[in-house]
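Visitor: Here is my input; please provide its structure:
(chains A and B)
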Amino acid sequence: MTEFDARPPTVAVAPAAVAAVVALVPALGSGVGLALGAAGAGLLVFGAQQGARRFVSLGAAALAVGVVFGAATGLDPAYTLVGGVGTVVAYDAGEHAVSLGVDVGRDARVGQSVLVHVFSTAALSALVAAVTLVVYTFGPRSLPVTALVTLLLGGTLLAYVLRT
Amino acid sequence: MASEETYRWRGAVALALLALAVGAATRVPGVLVLGVFGVAVAGYARLFTAPDPRLSVERSLSDDDPEPGDRVDVTLTVTNEGSLLPDLRVVDGVPEPLSVISGSPRLATALRAGKSASVTYTVEVTRGDHEFGAVDVVARDAAGSHETRTSVASESALACVPDLPRLESFPLRAQTVQRVGRVPTSTGGSGVEFHATREYRSGDPLSRVDWKRLARDGELATIQFREERAATVVVVVDTRDQAHVADEDGTNAVEYGVEAAGGVASALLDSGDQVGVASLGPHWAWLAPGLGREHRARLEELLARDRGFSVSAPDRRFLGALVFRRLRKHLPDDAQVVFCSPLVDDDAAEYVRRLEASGHPVTVVSPDVTGTDTLGQQFSRVERAVRIRSLRTAGVRVIDWRAGDSLALAVADAERGWSA
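Guide: Numbers count the residues shown, from 1 in each chain, chains lettered A, B, ... in the order given. Below is the predicted model:
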C-alpha cells in the first residue's frame, strides 16, 4: 500500500526554487542584502520541499528584506521590480506547494494546478510591476514635499484597508 | 460548503510599508517603487471572492464483482458545471478497508467551465461490502486568498464475496443429533468401526452375527459398530473490539476468525452436519444451523458481507451480557460450538467456559496474532498461552493456529495432540 505522503509534490516546488533565484538579482549589489536574501531563498525552498509553511513564510520575508536592502543601494527600479516579482512568485508557489501537499499529497497529479496558479501569479505581478515602472518613468518628475507626504499617507491608508 | 480566508498574504502589506518607509527615508526611487508594487500585490490578493464550486462526479470501476486480492481500477471523473475554478483539489472517498496500491485517489487541477478531469488509481480488494464515500473538494480562488471546502456525493459500491475456504475435515466433539453422519459416537449400532459384542437378540441382522464365535463356542453374539451420527454446529466468531487486533502483517484477527469459520463451515457442511454461524460482538449476526447448497450460499454471503463480520472496527458499544444471553437463546440445545477467537483477553476464555458449562461442547480455533518484538507483546503472548492451557485443562479443545500457516495443518497438529 502506498502511504499518504503529505510533502508537496516536486513539480510544485520547482517554480518556487526558480523564482527565488530570480528574486536574488537585485540583492547582488549589497552584501547584507545578498546574505539575507540567499538565506531566505534557501529557507523558502527547504520549507516548500518539506511542507513547512512557517519556513516558507519566514524565508519569503527574509528574501523580501534582502531585496529591499539590495534596492536601497540605489539600483535601477526595473531591477528592483524583478526582485519584487521573483519574491512574490516564489512565496506564492512555495505556499501553494505546501497546501497541495496537505490536500492531495506528494503522489497526486498536480501539474495543471501548479501551471495555472504560477502562471497567473507571475503574469499578474509582472503586469503590476510594468504599470508601476511606467508610472515611475513617465510620471511627474518633481513633486512638492506636501504632495509626497500626502501620497505616502494615502498609500499607507490604502495598505491599511487592504491588510489581511 | 464552508468558505474561509486562507490569510496566506498576511504580512505582505507590512513588508510593502517597510519598503515605503525605507524608500521615504533613503529617497532611493527603486525602494519606493518596490513599496508601491507590494501594496498593489496586496490589493490583487483581495481582488477575488470565495469560489463556489458546482461539480458533478462520476466513478467507474473496472470490475464490479472481484475476488479478494484482485486489483480494481477506479476512475474518478470530475466535471465543472459552474464557472472557472483556477485551483481545484479533489480527494476520493476510498472505503477504509481497501488499500490503494498504485496511483493516487487525489488530484489537483484547474478546471474551466464545462470541462472534466479524471484520475485513475488501483485498489486491492478485500472481503466484504465496500461503499465509496463522498468526494471531498477544496477550491481556491486565483490568488489563493479564499478557499471553499465541500463534498460531492457519489455512491458506488464494490462487493466481494469469496468462496468458503477449503478444509478437508474438521474434528468435532462427541455431541450429536439423531441423524446419520460422520461423528463417531460411543453408542453401538451400525457403522464401520468395531465397538463391542453383545448377546444376540432376535431381530438382529444376520450380517452382524459373530459367526466365528458361534463356530468356536456355539454362542450367538452380535457385533456392534460405533454409530456415526451427524452434529449440529454453530460457528461463533469473536468480533468484539478486543478481537480487532492485527498481526505483524497487519491482518486483523477478525479476518482470520472469519476465514477459520468459513473453513470449518465448509468442511462440516461437506460431511453432512448442520452448520450455523454467529457473530459475538457489537454487531450481532446469526444464521441458524442448516444444510444444503442454498444454506451454504447464504452462509457465504453472510460471512462476506454482514457488518457483524466486517474487519472495520465496530462503531457500537458491546453489551456483553446481553449479546451472550442472546447467543445462548439462539443456540439449539444439542448444538456444539466452534469458537473462533484470538483469545487476547480473559473475557473470551470466560465465554468459552460458560458455553461449555451450559452443555454446548466447545472447540476453539484461535488464530495467534501475538508478536515477540516488545516486552508487551511477549507478555500478551504468554498470557494467551496460559489461557489456552487453562481451557485445555477444563476439557475444551483448542486449535492454536499460528497466523499465516495453513488452517488444515493447525487442525491436523491439534488432532494429533488430542489422540496422543
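Visitor: what is the rounded mean pLDDT of whichever strand or helix holds B:Leu322?
Guide: Here B:Leu322 sits within helix B:320-330, counting by DSSP states H and E. When pLDDT is averaged along helix B:320-330, the result is 92.
Visitor: And the helices in chain B, which stretches?
Guide: Remark: helices assigned in chain B by DSSP state H are B:12-26, B:29-45, B:211-217, B:253-270, B:292-305, B:320-330, B:346-357, B:375-393, B:407-419.
Visitor: cool, chain A as well?
Guide: A:10-23, A:31-50, A:53-71, A:77-103, A:111-138, A:145-162.
Visitor: and the second one, what other elements does it pack with?
Guide: Read it as helix A:31-50. Packing partners of helix A:31-50 (3 or more Cβ pairs under 8 Å, 6 or more residues apart in numbering or on different chains; DSSP states H and E): helix A:10-23, helix A:53-71, helix A:77-103. Using the backbone N, CA and C atoms, a C-beta is placed for each residue, glycine as well.
Visitor: where's the residue nearest to B:Ala12 when sequence neighbours are not counted relative to B:Phe225, distance?
Guide: Closest residue in space to B:Ala12, ignoring its immediate chain neighbours: B:Ala42 at 4.6 Å, by Cβ to Cβ, 6 or more residues apart in numbering or on different chains. Relative to B:Phe225, B:Ala42 is positioned 98 Å away (Cβ to Cβ, to the nearest Å).
Visitor: Make a markdown table out of the helices of chain B and add distance to A:Gln50 and mean neighbour count.
Guide: Below are the helices of chain B laid out as a markdown table (distance: least, Cβ to Cβ, whole Å; neighbours: other Cβ atoms under 10 Å in any protein chain shown):
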| stretch | distance to A:Gln50 | mean neighbour count |
| --- | --- | --- |
| helix B:12-26 | 23 | 20 |
| helix B:29-45 | 25 | 25 |
| helix B:211-217 | 90 | 11 |
| helix B:253-270 | 37 | 25 |
| helix B:292-305 | 43 | 16 |
| helix B:320-330 | 48 | 13 |
| helix B:346-357 | 46 | 18 |
| helix B:375-393 | 33 | 14 |
| helix B:407-419 | 47 | 15 |
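Visitor: Quick check: B:Asp249 touching B:Gly404?
Guide: Yes. If you go by Cβ atoms under 8 Å, B:Asp249 and B:Gly404 touch, sitting 7.3 Å apart.
Visitor: These two - which one has more neighbours?
Guide: Set B:Asp249 next to B:Gly404 and count neighbours by other Cβ atoms under 10 Å in any protein chain shown: B:Gly404 wins out with 13 against 8.
Visitor: right, and the helices and strands packed on helix A:31-50 - which one's nearest B:Gly23?
Guide: In terms of Cβ to Cβ, the element of those nearest to B:Gly23 is helix A:53-71, at 8.3 Å.
Visitor: which helices and strands does the closest one pack with?
Guide: Applying 3+ Cβ pairs under 8 Å, 6+ apart, one finds that helix A:53-71 makes contact with helix A:10-23, helix A:31-50, helix A:77-103, helix B:12-26, helix B:29-45.
Visitor: coming back round to it: return the most buried member of the helices and strands packed on helix A:31-50.
Guide: Highest mean neighbour count of the helices and strands packed on helix A:31-50: helix A:77-103, a mean of 26 (counted as mean count of other Cβ atoms under 10 Å in any protein chain shown).
Visitor: touching chain B at all, it?
Guide: Yes. Residues of helix A:77-103 are located near chain B by Cβ under 8 Å from any Cβ of the partner chain, namely A:77, A:79-81, A:83-85, A:88, A:92, A:95-96, A:99-100, A:103.
Visitor: B:Thr26: which of those is nearest?
Guide: For those, the nearest to B:Thr26 is A:Thr80 (12.4 Å; Cβ to Cβ).
Visitor: any weak-confidence spans in chain B?
Guide: Within chain B, the stretches with pLDDT under 70 are B:176-180, B:182, B:186, B:419-420.
Visitor: wait, what's in contact with the closest residue to chain A within the stretch 301-420 of chain B?
Guide: Residue nearest to chain A within the stretch 301-420 of chain B: B:Val311 (14.6 Å; Cβ to the nearest Cβ). Residues near B:Val311 by Cβ atoms under 8 Å, 6 or more residues apart in numbering or on different chains: B:97, B:126-128, B:244, B:252, B:254-255.
Visitor: can you do 7 Å?
Guide: By Cβ atoms under 7 Å, 6 or more residues apart in numbering or on different chains, the contact set of B:Val311 is B:97, B:128, B:252, B:254-255.
Visitor: closest to chain A among those?
Guide: Closest approach to chain A among those (Cβ to the nearest Cβ): B:Pro97, at 11.5 Å.
Visitor: nearest residue to B:Val22 other than its sequence neighbours?
Guide: B:Val31 (5.1 Å).
Visitor: how close does A:Thr132 sit to B:Thr148?
Guide: Distance from A:Thr132 to B:Thr148, by Cβ to Cβ: 32 Å.
Visitor: out of those two, which sits in the more crowded spot?
Guide: Counted by other Cβ under 10 Å, A:Thr132 and B:Thr148 do not tie: A:Thr132 has more neighbours, with 23 against 19.
Visitor: so what pLDDT did the more buried one get?
Guide: pLDDT for A:Thr132: 87.
Visitor: Pretty sure it sits against B:Gly35.
Guide: No. Contact criterion Cβ atoms under 7 Å: A:Thr132 and B:Gly35 do not qualify, at 9.7 Å.
Visitor: Now do the same contact list for residue 5.
Guide: No chain in the question, so chain A it is. With Cβ under 7 Å, 6+ apart, A:Asp5 has these contacts: A:105-107.
Visitor: wrong one, chain B
Guide: B:145-146.
Visitor: now swap in the one 3 residues further on and tell me
Guide: Listed by Cβ under 7 Å, 6+ apart, the contact partners of B:Arg8 are A:95, B:144-145.
Visitor: Same list, the residues you listed, but as TSV with distance to B:Ala12 please.
Guide: Shown next, in TSV, are these (distance: Cβ to Cβ, whole Å):
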residue	distance to B:Ala12
A:Glu95	11
B:Gly144	12
B:Ser145	11
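Visitor: Of those residues, just say which sits nearest to B:Glu193.
Guide: Relative to B:Glu193, and with distances defined as Cβ to Cβ, the nearest of the contacts of B:Arg8 is A:Glu95, at 80.5 Å.
Visitor: That closest one contacts A:Val56, doesn't it?
Guide: Yes. A:Glu95 is within contact range of A:Val56, at 5.5 Å (criterion: Cβ under 7 Å).
Visitor: Can you list the low-confidence ranges for chain A?
Guide: A:1-2, A:141, A:143-145, A:148, A:159, A:162-164.
Visitor: follow-up on the earlier one: by neighbours, which of the contacts of A:Asp5 wins?
Guide: Of the contacts of A:Asp5, with other Cβ under 10 Å as the count, A:Gly105 tops at 23 neighbours.
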